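**Q** coordinates only, sequence not included:
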Ligand SMILES: Cc1cc2nc3c(=O)[nH]c(=O)nc-3n(C[C@H](O)[C@H](O)[C@H](O)COP(=O)(O)O)c2cc1C
């Protein structure tokens, strides 16, 4: 993907750590920021995942489940490090000293450090014409909220290693 792509001008975007498991139960985690909600009822989201052989996509295809963990400043470095894969089956959460917690409605664990985790069941994998990413759509079957969303130090992603933390709240009357 080109660093110069015009698609990168749609920024900053929230950073999440997607956890998934393979059929043998090996847990994987990788950071994503091309993510958005697509439905209130049922609650649904989609993640744009590159058309290459990623563990995340392979796991989601195999088990039809994943968890979206909202990344916060306190574990941002470790979460972003999860983009690096040194061995196919390695436990990146353990490598980065991130703890797992059992989810309620899916067999994929969530990240214990995350204040917000969305348990997802795959709906479909769409292949948009011409695009170099798949659109993975999923229903949010359960959410865990340990803190209010506006109390989190979320990490917003521009591209590459450039991020920011929102610093000011605005309430705009309609
Ligand atoms: C902050 C950040 C955001 C990322 N966002 C995306 C994304 O939205 N879509 C994508 O396909 N890859 C994204 N990546 C790259 C994946 O994390 C990378 O391909 C990773 O190696 C996939 O790991 P896996 O093979 O374990 O699934 C992002 C990387 C970083 C560091």
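**A** In hand now; what should we look at? As the structure is a computational prediction, the values presented were derived from the model and not from experiment.
**Q** Quick check: pLDDT value at the closest residue in space to residue 104 that isn't next to it in sequence.
**A** Counting by CB to CB, 6 or more residues apart in numbering, residue 104 lies nearest to residue 142, which is 4.9 Å off, once chain neighbours are set aside. Backbone N, C-alpha and C define where each C-beta goes, glycine included. Residue 142 carries a pLDDT score of 98 in this model.
**Q** State the distance from the closest residue to residue 105 other than its chain neighbours to residue 170.
**A** For residue 105, ignoring the flanking residues on the chain, the nearest one in space by CB to CB, 6+ apart is residue 142 at 4.1 Å. For residue 142, the distance to residue 170 (CB to CB, to the nearest Å) stands at 30 Å.
**Q** Show me which of the two is the more surrounded one.
**A** residue 142 (16 against 5; other CB atoms under 10 Å).
**Q** so who does that one touch?
**A** Taking CB atoms under 8 Å, 6 or more residues apart in numbering as the criterion, residue 142 is in contact with 103-106, 118-119.
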